[in-house]
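Engineer: Only the shape, not the letters, is given here:
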């Protein structure tokens, strides 16, 4: 009934020496994140280059279809901030890169959804637009792979426990979207796959270690400690960005970032511990058999029972909890993508 079959296709912990990343996201993946990944990679002797599309506050829909679901064509792919300038045509860049070296192709798409992921799954067709963006990568490089980056909700730095518990469970929802894309790819006989990049869950792991006094150079009360990595309630300080860059590097290269360069303005003492913490988390995640793979039945049940309540509590809209639980448990609800086979499957057309 909600079978997975052989949708794995992940690379496990198979390392690589080079990568060409295209990053599509919003303020939680904005610079200096990719710049730090570049400096980490270069300092460890890896061959790396990137470009990006950043739309502040944007769901994937805005970065693909544009401002409206019924917009003609795909104007969203030509919006956002790029590594240099803005509004580059991403469809053309992924198909035939103009900003990489001669003959080079993008092999890695790192893409995130807006952080209120249960809302975007329901109202912004996260599944459909993630699949569409992944297909644009594969059009340019059939050997490409997509990493779906787990973004996190706002935290109460005085009382972070609700957020900690939520983001541990929320990872499952991001994984379920990736799994649904993979089911749709497998059904077409394709071998390419989307994997989850567990950034938010790795951030939770760091937060727990900071609160347990396991990270050198970070001291004080709960909110003082979290002020070292959070610049407000959701965005990162340079030190926090550095940690997520280590997680991103390790996820792309499946290699340890221990010993990497530390950028100017980032405290070296906690950074050294963060290198170990990031690698331990990423290694454990991708070292599991079929990481992040769930049946659609499991997705409906888990999100309904373990994600809805904390999600809407953190968004201060507890009146939405019951409808969220009922909606995600309902395999026949039109906007619920978590069913397979999916008689309602309706993929967006190619551009």
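Structural biologist: Cool, got the structure. Because the structure is predicted, anything quoted here is derived from the model rather than measured.

Engineer: Give me the number of neighbouring residues for residue 155.
Structural biologist: Residue 155 has 23 neighbours, counted by other Cβ atoms under 10 Å. Bear in mind the C-beta positions are built from the backbone N, C-alpha and C, glycine included.

Engineer: host element of the closest residue to it other than its chain neighbours?
Structural biologist: Closest residue in space to residue 155, ignoring its immediate chain neighbours: residue 163 at 4.2 Å, by Cβ to Cβ, 6 or more residues apart in numbering. Using DSSP states H and E, residue 163 maps to helix 161-186.

Engineer: So for that helix, what gets flagged as buried?
Structural biologist: For helix 161-186, the neighbour count (16 or more other Cβ atoms under 10 Å) marks 163-164, 166-186 as buried.

Engineer: quick one on the thing from earlier: shouldn't the residue nearest to residue 155 be in contact with residue 314?
Structural biologist: Yes. Residue 163 is within contact range of residue 314, at 6.3 Å (criterion: Cβ atoms under 8 Å).

Engineer: which residues do the two both contact?
Structural biologist: Counting by Cβ atoms under 8 Å, 6 or more residues apart in numbering, the common neighbours of residue 163 and residue 314 are 153-154.

Engineer: roughly how far apart are the residue nearest in space to the middle of the chain and residue 289?
Structural biologist: Among the residues of the chain, the one closest to the centroid is residue 149, at 0.6 Å (Cα atoms, centre = their mean). Going from residue 149 to residue 289 by Cβ to Cβ, to the nearest Å gives 22 Å.

Engineer: Report the next helix or strand after the helix holding residue 163 in sequence order.
Structural biologist: Following helix 161-186 in sequence, per DSSP H and E, is strand 194-197.

Engineer: Provide the strand pairings for that following strand, with the direction of each partner.
Structural biologist: Here strand 194-197 has these sheet partners by DSSP bridges: strand 145-149 (parallel).

Engineer: contacting residues around the partner strand?
Structural biologist: Contact with strand 145-149 is made by 11, 25, 29, 107-113, 130, 133-134, 137, 174, 177-178, 192-197, 199, 248, 251-252, as judged by Cβ under 8 Å, 6+ apart.

Engineer: just how off-centre is stretch 290-300 within its chain?
Structural biologist: 17 Å (Cα atoms, centre = their mean, to the nearest Å).

Engineer: Actually, stretch 222-237.
Structural biologist: Distance, centroid of stretch 222-237 to centroid of chain: 20 Å (Cα atoms, centre = their mean).

Engineer: For that stretch, buried residues please.
Structural biologist: 222, 225-226, 228-230, 236-237.

Engineer: pLDDT and secondary structure for these - can I get that in CSV?
Structural biologist: Output for those, formatted as CSV (pLDDT from 0 to 100; DSSP: H, G, I helix; E, B strand; the rest coil):
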residue, pLDDT, secondary structure
222, 99, helix
225, 99, helix
226, 99, helix
228, 99, coil
229, 99, coil
230, 99, strand
236, 99, strand
237, 99, coil
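
Engineer: So of those, which two are at opposite extremes in space?
Structural biologist: Between any two of the buried residues of stretch 222-237, the greatest separation by Cβ to Cβ is 17.3 Å, found for 222 and 236.
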